[in-house]
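Undergrad: This is a predicted model, with the sequence first.
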Amino acid sequence: MVVNEKLNLTMLCDFYELTMGQGYFTQGYADRITYFDLFFRRCPDGGGFAIAAGLEQIVQYIQELHFEPEDIDYLRGRKLFTEDFLDYLANFRFTGDIWAVPEGTPVFPKEPIITVRAPAIQAQLVETYLLLCVNHQSLIATKANRVVRAAEGRTVLEFGSRRAQGADAAILGARAAYIGGCHGTACTISDQLYGVKAGGTMAHAWVQMFDSEYEAFKAYVQMYPTNATLLVDTYNTLKSGVPNAIRVFDGVLKPMGITKCGIRLDSGDLAYLTRQARKMLDEAGWTGCQISVSNSLDEYIIRDVLRQGAKIDLFGVGERLITAKSEPVFGGVYKLVAVEEPDGTVTPKIKISENVGKITNPHYKKLYRFFASDTGKAIADYLTVYDETVDDSGDLEIFDPDATWKRKTVYNFTAKELQVPIFRNGELVYRLPALEEIRAYCKEQVDSLWEEVKRFDNPQTYYVDLSQKLWDVKYGLLKRNGK
């Protein structure tokens, strides 16, 4: 089963969402309005930020949310659910509200990426799929952004389909990698479905198929003179691969007046081999020939080979990107933060733990980002209660919610609300941007972060502060519950 915008995934839920749903139904809470936040607790790879992704698939899921007759039959067969509840599910639709930060937004721990306001059963049922989408695509987009930044402006392509953990992981992983900054993918269907430009030339099998490496190269370049990138490490990169590539470029491309071409290495000491290959190509007059490399790359290897003087124009990054191998779990969670009383009053809820990092920020909230008016750089994020408004026309004192004596006055700044309405009363009110727009927006927003926050190792902490009112609510709930 692969990605399909018409696929009904309502039953892709944790079973406890259904047992709790019947419990809400039986206890009279079915229509009680609840507020849930989706957020994460720690950035992958010890980084300074993450990239939000997966919203488009969530929109498709919400629009298709319904139970088929065979779903009801399956649940009836489990002997756990009453006919009244099954009748309720047979007519189930999402009628709530959803807010989210746009895809491509840099996000930080403990701030809501998505907020759901909906009747209890509805809000609970969507938990699994929302987490699945955000956890997967945000993880890959974040990893891709790290890889792209390590490449320092050089082209990065996503090459990981064959090592992805399933078809959806390959297809949507390529989409997420593109949001994070990759220039394209080897995955053809991701191009067909989402417009992530797919490309590629040859594998070692092509070279091995012919009687000689030279014949393999010549046949390929004759067929694809405008896409002539040759894999030169099947036998011996410097003794046969690069010389044969030059010979074919001279014999086939030069008479055609074509100067655009390339070679690719998939093994060996990439720093040494690319330096030598570059020298050989330049001496032969092919100064514009691009050198591409692949072979279990990640941001650290890319950074290291470039520091060692590697001559590389393009990186193909596969398994360590598509699986986020160094830290393959994003860790997003979905928690109840408030309920709405019959009179419209919003009552905050908190989840408390002996593990301080798992204590939630309660209440229906707004999320702001403060930008310095002179530099355009992001200063801090700021969580408020839903009925508060930030006045950015004057100075504002903010403080670290975990160390309240750490205070800072922000001035000459612009406050931007990050979450935007996606659904109102079950109806889509958001224009889904094109993937190119999301990618460009992501780059723009990452550029707004200070370099210290973007360090791979020991990045500067970017603060997500609470308003005084929200802090008072949180610590009032903690005190009431004995913490």
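TA: Arrived safely, thanks for sending. The structure presented is a predicted model; accordingly, all values stated were derived computationally and were not measured.

Undergrad: which residues touch the residue nearest to the spatial centre of the chain?
TA: When the chain is reduced to its mean C-alpha position, the nearest residue by Cα atoms, centre = their mean turns out to be residue 138, at 2.4 Å. Shown in contact with residue 138 (Cβ atoms under 8 Å, 6 or more residues apart in numbering): 40, 50, 51, 52, 53, 54, 107, 113, 176, 330, 332. C-betas here are computed from N, CA, C, even on glycine.

Undergrad: so where's the chain uncertain?
TA: Scanning the chain with the threshold set as pLDDT under 70 gives 1-6, 482-483.

Undergrad: Show me it divided up by domain.
TA: Taking automatic domain parsing as the criterion, the chain consists of the domains 15-140+328-480, 146-322.

Undergrad: most packed of the ones you listed?
TA: domain 146-322 (a mean of 19; mean count of other Cβ atoms under 10 Å).

Undergrad: I'd like the distance from that domain to the chain centre, please.
TA: Mean C-alpha position of domain 146-322 versus that of the full chain (Cα atoms, centre = their mean, to the nearest Å) differs by 24 Å.

Undergrad: How far does that domain stretch from one end to the other?
TA: Domain 146-322 stretches 13 Å from its first residue to its last (Cα to Cα, to the nearest Å).

Undergrad: all numbers from here: first residue = 196
TA: Yes, from this point I'll number from 196; that puts the last item at domain 341-517.

Undergrad: contacting residues around the closest residue to residue 647 other than its chain neighbours?
TA: If you skip the residues right next to it in sequence, residue 647 has residue 655 as its closest partner in space, 3.8 Å away by Cβ to Cβ, 6 or more residues apart in numbering. Listed by Cβ under 8 Å, 6+ apart, the contact set of residue 655 reads 243, 645, 647, 648.

Undergrad: Quickly find the element holding the last one.
TA: Pointing back at residue 648 there. Using DSSP states H and E, residue 648 falls within helix 646-649.

Undergrad: Among the contacts of residue 655, list the two that are farthest apart in space.
TA: By the measure Cβ to Cβ, 243 and 645 form the most distant pair in those, at 9.2 Å.

Undergrad: Surely residue 323 is in a strand?
TA: No. Residue state for residue 323 (DSSP: H, G, I helix; E, B strand; the rest coil) corresponds to helix; a strand is not indicated.

Undergrad: Pretty sure it sits against residue 210.
TA: No. When contacts are counted by Cβ atoms under 8 Å, residue 323 is not listed as touching residue 210 (9.7 Å).

Undergrad: Can you tell me how far residue 223 is from residue 316?
TA: If you measure residue 223 against residue 316 using Cβ to Cβ, to the nearest Å, the figure is 12 Å.

Undergrad: oh, I was asking about residue 532
TA: In this view, residue 532 and residue 316 are 17 Å apart by Cβ to Cβ.

Undergrad: now residue 450, what's its secondary structure?
TA: Classified using three-state DSSP, residue 450 is helix.

Undergrad: In contact with it, which residues?
TA: With Cβ under 8 Å, 6+ apart, residue 450 has no contacts at all.

Undergrad: Please tell me how far it sits from residue 485.
TA: Applying Cβ to Cβ, the value for residue 450 to residue 485 is 21 Å.

Undergrad: Check residue 639 too.
TA: Computed with Cβ to Cβ, the distance linking residue 639 and residue 485 is 27 Å.

Undergrad: ok, now residue 497?
TA: As for residue 497, its distance to residue 485 is 16 Å (criterion: Cβ to Cβ).

Undergrad: where do the strands sit along the stretch 246-395 of the chain?
TA: Across the stretch 246-395 of the chain, reading from the start of the chain, the strands by DSSP state E, counting those that start in this stretch fall at 292-295, 301-302, 309-314, 350-353, 379-380.

Undergrad: out of those strands, which comes closest to residue 466?
TA: Distances from residue 466 to each of those were compared using Cβ to Cβ; the minimum, 17.5 Å, belongs to strand 350-353.

Undergrad: so how far is whichever strand or helix holds residue 639 off the chain centroid?
TA: Element membership for residue 639 (DSSP H and E) is helix 630-642. Using Cα atoms, centre = their mean, we find the averaged C-alpha position of helix 630-642 to lie 12 Å away from the chain's own average C-alpha position.

Undergrad: same question, stretch 554-563
TA: When distances are taken as Cα atoms, centre = their mean, stretch 554-563 is centred 22 Å away from the chain's centroid.

Undergrad: mind listing the helices for the stretch 196-345 of the chain?
TA: Read by DSSP state H, counting those that start in this stretch, the stretch 196-345 of the chain holds these helices, from start to end of the chain: 210-222, 250-258, 264-272, 278-285, 315-320, 322-345.

Undergrad: Next, the angle from the second one to strand 309-314.
TA: Comparing the axes of helix 250-258 and strand 309-314 via axes from the mean of the first three to the mean of the last three Cα atoms, to 10 degrees yields an angle of 10 degrees.

Undergrad: Check which helices and strands helix 250-258 is in contact with.
TA: The contact analysis (3 or more Cβ pairs under 8 Å, 6 or more residues apart in numbering; DSSP states H and E) places helix 250-258 against strand 292-295, helix 322-345, strand 615-619, strand 622-623.

Undergrad: Appreciated, that's everything.
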